[in-house]
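Trainee: Predicted model and sequence follow; I will ask about them next.
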Amino acid sequence: MCGIAGWVDFEHETGAERAVLERMTETMACRGPDAEGLWLDDHVGLGHRRLAIIDLAGGRQPMSAEVPSGADGARAAVVLTYSGEVYNFKELRAELAARGQRFSTDSDTEVVLRAYVEWGAGFVERLNGMYAFALWDGRRQALLLVRDRMGIKPLYYHPTPGGLLFGSEPKAIFAHPEAAAVVDREGFCELVAFVKTPGKTVYRGLREVRPGEVVEVTPEGTTTRRYWQLEARDHTDDVDTTVGNVRDLLEDIVARQLISDVPLCTLLSGGLDSSAVTALAARALAGKGAGPVRSFAVDFVGYAEHFRPDPVRDTPDRPFVHELAAHVGADHRDIMLATADLMDPDVRRAVLRAADMPNNWGDGYTSLYLLFRAIRGHSTVALSGESADEVFGGYRWFHDPESVNAGTFPWLTGPHRSDGHTLLRPDLLRRLDVDGYRHDAYRAALAEVPHLDGVSPRERRMREVCYLHLTRFVQVLLDRKDRMSMASGLEVRVPFCDHRLVQYVFNTPWAMKTFDGREKSLLRAATVDVLPASIAQRRKSPYPATQDPTYEEALHEEVAKLLANDAPVMSLLDREATRTAVNRPVDAVSTDASRRQLEFALGLAGWLDADDVALDLS
């Protein structure tokens with residue numbers, strides 16, 4: 001996994017601007033701590049920071065190939081700067097070698113490069129993996145930006161008069177003198193609406209390559225093409241066949257994603273998703289005579305001993321984590337965190353810088369960053385159970401009729417709502433029309449949903465709900481996981497985002513997804529034989545949040561300082577609401593929404609204090 005950056009500019013010769021490309025690339029040193037590479041020509045610059053995972057010696061980038069260009073014997077360069085993993089690279093390599101392509105490394109990077117040389121831009125449809133890359137074709141004077149089907153790896157671009165700038169993170173693009181980090185009215189709505197509109201960002205002029213999209217830039221202009229998106233297909237398999245197919249897919253996916261030339265582990269929470277990945281990984285490793293599987297879990301000091309159920313969590317993770325680890329013989333370690341860790345100013349600044357904007361889940365980001373930082377001391381690659389809830393219908397609001405039929409994004413409803421922005425001034429929200437922005441985003445999302453004829457209203461609605469999660473909500477989670485992991489140079493893989501599994505399960509009827517009367521019926525049935533009964537039957541429990549009252553006390557103190565010092569962020573916050581939140585009695589099991597008010601206010605304050613961020617809400 002790596003970080004990429006660069007530009008194409010057909011109006012100016014930029015080959016001498018090495019210092020600019022170095023600055024852009026250096027912003028992502030944490031994404032690629034092992035090596036740096038630059039490649040420049042008259043109108044193009046490509047930068048790369050490498051985290052070495054496969055072929056440690058031979059996978060340096062940018063990687064180039066000299067290919068014929070025209071009938072006169074001339075040759076041109078095809079150059080790739082690539083972030084990600086292609087899990088079927090060995091099969092592709094064999095096919096390409098049979099077609100005459102020659103390889104000088106064992107890396108999947110060279111397979112991607114040679115696949116383009118052999119098959120042209122259509123080669124992306126052959127890739128299985130998580131990736132984001134830029135490819136310069138000197139024969140055609142064309143730059144291609146490509147992102148994986150589910151948007152696991154990020155890729156941004158900023159149009160310019162002569163082409164565009166691109167990078168794995170916004171900060172790379174803003175290191176170029178032609179781009180500035182300005183947040184306007186639409187961007188601020190995108191920030192606070194919590195809808196994650198595909199292609200949009202919170203910054204003016206900055207775009208995100210959509211999942212499953214190719215952006216091509218030539219002297220004639222910029223075009224975009226979707227090479228993959230969810231499709232509506234008739235599902236003709238019965239329940240037993242469907243369960244069997246899900247199991248077969250999962251075994252193949254996990255086995256593919258265990259390929260690594262560096263130490264690998266799993267993230268284990270004791271829930272169904274991460275336990276299934278860990279158990280299948282343990283079996284796959286044992287089948288190769290390897291193992292044991294290494295696993296890590298996040299925990300909080302005193303959490304298990306003093307746990308109290310809250311509106312979305314019935315049980316603490318630790319007993320289930322340890323039971324699963326013992327069940328599969330994992331080499332397991334708990335990463336214990338305290339309030340002092342979560343409130344460390346340096347850690348909070350690192351999280352904000354990694355995310356490039358305030359987040360919606362407070363300690364859900366900070367603890368994840370600390371977990372990944374600790375894991376990086378032992379492993380370079382981790383497998384995660386992320387996205388199983390979106391694929392199989394695991395969140396509690398999937399099963400709450402009020403949320404399902406609320407006429408908006410389900411995660412913005414009920415006690416589980418993922419919206420911590422209620423401390424913002426009501427008149428500001430009205431002036432910006434945040435509610436209207438959400439409504440328009442919701443209607444646009446519904447208009448994309450592919451449907452089948454002749455289905456019941458219930459089935460039609462649940463297809464919409466699943467689509468909203470697979471194209472909007474999951475993007476927030478994948479971005480969080482990417483930013484917090486790559487800030488520590490850790491690669492996190494997400495088996496449940498394999499597009500074959502996503503497409504197959506998307507088209508299973510809702511009654512089949514819940515055939516045993518529970519959430520995630522298909523996943524439970526497909527993996528029940530490798531799990532302890534207690535974990536197979538455990539109710540969905542979200543990523544843990546500390547219940548230490550000293551954490552909320554610390555939040556109150558920090559927000560009180562914003563009020564007392566009349567910090568710049570107070571121009572956006574409702575003073576009375578903020579004062580009420582600060583004076584609210586501390587509850588060890590306060591709802592996520594109430595605590596997120598304070599966490600978001602602090603994040604917004606830190607973001608606005610950064611010298612390189614400007615607000616223009618006029």
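Mentor: In hand now; what should we look at? Numbers count the residues shown, from 1 in each chain.

Trainee: Break the chain down into its domains, please.
Mentor: With domains defined by automatic domain parsing, the chain comprises 2-226, 239-405+474-536, 549-611.

Trainee: Among the ones you listed, which comes closest to Leu412?
Mentor: Nearest of those to Leu412, taken as C-beta to C-beta: domain 2-226 at 6.7 Å. (Glycine included, C-beta is placed from N, CA and C.)

Trainee: Now do the same for that closest one: mean pLDDT, whole number.
Mentor: For domain 2-226, mean pLDDT rounds to 94.

Trainee: roughly how far is it from the heart of the chain?
Mentor: Here domain 2-226 is found 18 Å from its chain centre; the criterion is C-alpha atoms, centre = their mean, to the nearest Å.

Trainee: Kindly report the same for stretch 304-315.
Mentor: Relative to its parent chain, stretch 304-315 has a centroid offset of 27 Å by C-alpha atoms, centre = their mean.

Trainee: ends of it, how far apart?
Mentor: End-to-end distance for stretch 304-315, by C-alpha to C-alpha, to the nearest Å: 9 Å.

Trainee: same check, this time on stretch 96-108
Mentor: Per C-alpha to C-alpha, stretch 96-108 runs 12 Å from first to last residue.

Trainee: Provide a complete list of residue ranges assigned to helices in the stretch 101-250 of the chain.
Mentor: 108-119, 170-174, 185-193, 239-257 (DSSP state H, counting those that start in this stretch).

Trainee: so how far is Met130 from the nearest residue to Val195 once chain neighbours are set aside?
Mentor: Distance criterion C-beta to C-beta, 6 or more residues apart in numbering; nearest residue to Val195, sequence neighbours excluded, is Ala441 at 4.3 Å. Note on Ala441: its distance to Met130, by C-beta to C-beta, to the nearest Å, is 25 Å.

Trainee: out of the two, which sits in the more crowded spot?
Mentor: Met130 (27 against 22; other C-beta atoms under 10 Å).

Trainee: contacting residues for Gly167?
Mentor: By C-beta atoms under 8 Å, 6 or more residues apart in numbering, Gly167 lies in contact with 3-6, 24, 27-28, 155-157, 173.

Trainee: re earlier: right, and the helices of the stretch 101-250 of the chain - which one's nearest Arg18?
Mentor: Using C-beta to C-beta, the nearest of those to Arg18 is helix 170-174, at 15.4 Å.

Trainee: Mind exporting the C-alpha coordinates of that closest one to PDB?
Mentor: What follows is helix 170-174 as a C-alpha-only set of coordinates in PDB (Å, rounded to 0.1, in the frame of the first residue of the first chain):
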ATOM      1  CA  PRO A 170      -6.200  16.100  -0.300                       C
ATOM      2  CA  LYS A 171      -3.000  17.300   1.500                       C
ATOM      3  CA  ALA A 172      -0.900  16.100  -1.400                       C
ATOM      4  CA  ILE A 173      -2.900  18.200  -3.900                       C
ATOM      5  CA  PHE A 174      -2.900  21.300  -1.600                       C
END
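
Trainee: returning to that earlier point: any idea which of the domains of the chain gets closest to Tyr543?
Mentor: domain 239-405+474-536 (5.7 Å).

Trainee: Could you tell me the end-to-end distance of the closest one?
Mentor: Terminal-residue distance, domain 239-405+474-536 (C-alpha to C-alpha): 18 Å.

Trainee: Stretch 95-108 now?
Mentor: 13 Å.

Trainee: Residues in contact with that stretch: which ones?
Mentor: 54-55, 58-59, 63, 85-86, 89, 93, 110-111, 114-115, 117-118, 129.

Trainee: Give the buried residues for it.
Mentor: 95-96, 101, 105-108 (16 or more other C-beta atoms under 10 Å).

Trainee: One more: stretch 561-570?
Mentor: 562, 567, 569-570.

Trainee: what do you get for stretch 73-93?
Mentor: 76-87, 89, 92-93.

Trainee: Check stretch 401-415 too.
Mentor: Those buried within stretch 401-415 under the rule 16+ other C-beta under 10 Å are 403-404, 409-414.

Trainee: Filter those down to the ones in helices?
Mentor: 403-404 (DSSP state H).

Trainee: Looking at the buried residues of stretch 401-415, which one is closest to Met343?
Mentor: Looking across these and measuring by C-beta to C-beta, the closest to Met343 is Trp411, at 26.8 Å.

Trainee: thinking that closest one is in contact with Arg396, fair?
Mentor: No: Trp411 is not in contact with Arg396 according to C-beta atoms under 8 Å; the separation is 10.3 Å.

Trainee: what residues are up against Leu51?
Mentor: Counted by C-beta under 8 Å, 6+ apart, Leu51 has contacts 1-2, 31-34, 380, 486, 489, 491.

Trainee: Am I right that Pro542 sits in a strand?
Mentor: No: looking at Pro542 with DSSP: H, G, I helix; E, B strand; the rest coil, it is coil, so not inside a strand.

Trainee: Name all residues that make contact with it.
Mentor: 312-313.

Trainee: and what of the one 3 residues further on?
Mentor: The contact partners of Ala545, by C-beta under 8 Å, 6+ apart, come to 362-364, 367, 592, 595.

Trainee: Same check on Val215?
Mentor: 144-146, 157, 164, 209, 222-224.

Trainee: Swap in 10 Å and give it another go.
Mentor: Residues near Val215 by C-beta atoms under 10 Å, 6 or more residues apart in numbering: 134, 143-147, 155, 157, 159, 164, 166, 207, 209, 222-225.

Trainee: what phi and what psi does the backbone show at the closest residue to Glu323 other than its chain neighbours?
Mentor: Distances taken as C-beta to C-beta, 6+ apart put Pro532 closest to Glu323, at 5.4 Å, once the chain neighbours are dropped. Pro532 has phi and psi values of phi -60, psi 150 when expressed as degrees, to the nearest 10.

Trainee: And for Val434?
Mentor: phi -60, psi -40.

Trainee: any idea how far it is from Arg185?
Mentor: Per C-beta to C-beta, Val434 is found 10 Å from Arg185.

Trainee: These two - which one has more neighbours?
Mentor: Val434 (21 against 17).

Trainee: and the most centrally placed residue in the chain, what is it in contact with?
Mentor: Centroid-nearest residue in the chain: Leu478, 1.8 Å away (criterion: C-alpha atoms, centre = their mean). By C-beta under 10 Å, 6+ apart, the contact list for Leu478 reads 130, 150-154, 196, 211, 384, 386-387, 390, 492, 494, 497.

Trainee: any idea how far Val528 is from it?
Mentor: With C-beta to C-beta as the criterion, Leu478 and Val528 are 27 Å apart.

Trainee: Need the overlap of contacts for Trp411 and Arg396.
Mentor: Ser403.

Trainee: Could you export stretch 454-466 as PDB, CA atoms only?
Mentor: Output in PDB follows, covering the C-alpha atoms of stretch 454-466 (Å, rounded to 0.1, in the frame of the first residue of the first chain):
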ATOM      1  CA  GLY A 454     -42.400  -7.500 -10.200                       C
ATOM      2  CA  VAL A 455     -41.000  -7.400  -6.600                       C
ATOM      3  CA  SER A 456     -42.900  -6.400  -3.500                       C
ATOM      4  CA  PRO A 457     -42.700  -2.800  -2.100                       C
ATOM      5  CA  ARG A 458     -40.900  -4.300   0.900                       C
ATOM      6  CA  GLU A 459     -38.300  -6.000  -1.300                       C
ATOM      7  CA  ARG A 460     -37.900  -2.800  -3.400                       C
ATOM      8  CA  ARG A 461     -37.300  -0.700  -0.300                       C
ATOM      9  CA  MET A 462     -34.800  -3.000   1.200                       C
ATOM     10  CA  ARG A 463     -32.800  -3.000  -2.000                       C
ATOM     11  CA  GLU A 464     -32.700   0.800  -1.800                       C
ATOM     12  CA  VAL A 465     -31.600   0.600   1.800                       C
ATOM     13  CA  CYS A 466     -28.800  -1.800   0.900                       C
END
